[in-house]
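Trainee: Provide a 3D model corresponding to the input given below.
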Amino acid sequence: QVQLVESGGGLVQAGGSLRLSCAASGRTFSSRAMGWFRQAPGKEREFAAAISWSGGSTYYADSVKGRFTISRDNAKNTVYLQMNSLKPEDTAVYYCAARRDYGGNYYIPSRYDYWGQGTQVTVSS
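Mentor: Presented below is the predicted three-dimensional model:
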């Protein structure tokens, strides 16, 4: 069993930065791929970024590539999402998720087994 708790959300002006954290419980964190997804009001949950169990591979949605950076610290059971050059369209609830790392399909929400409760990110124009 893995429990995930996100933090770091808030209100920021366009062009600003935020760093989200996701703290995981459980002994299997270091063997799991981690993803960040987001959901805006009235929209489906969408993929933002993912990272392999070792941190050696990262994946990004085109909409965030070059602005967001995902990283992990397996010693701290924590995954991060550094968000720079934020835009109003980045406004959403951000969720972290965990799954066994069998490779591929990191962008599909249904492939993840565990989810956090989400943290709100609001970007004002």
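
Trainee: state the helix or strand in which the residue most central in space within the chain lies.
Mentor: The centroid of the chain falls nearest to Trp36 when counting by CA atoms, centre = their mean (2.1 Å). Assigned by DSSP states H and E, Trp36 belongs to strand 32-39.

Trainee: that strand: which residues count as buried?
Mentor: Within strand 32-39, the residues that count as buried by 16 or more other CB atoms under 10 Å are 32-38. Every C-beta, even on glycine, is put in place using the N, C-alpha and C of the backbone.

Trainee: so what strands line up beside it?
Mentor: Counting by DSSP bridges, the strands paired with strand 32-39 are strand 46-51 (antiparallel), strand 92-100 (antiparallel).

Trainee: who touches the next helix or strand along the chain from the last one?
Mentor: Right, the one you point to is strand 92-100. Using DSSP H and E, the helix or strand that follows strand 92-100 in sequence is strand 114-115. The contact list for strand 114-115, computed with CB atoms under 8 Å, 6 or more residues apart in numbering, reads 1-4, 95-99.

Trainee: how about stretch 57-69?
Mentor: With CB under 8 Å, 6+ apart as the test, stretch 57-69 has contacts from 36, 46-52, 70-71, 81-86, 89-90, 106-107.
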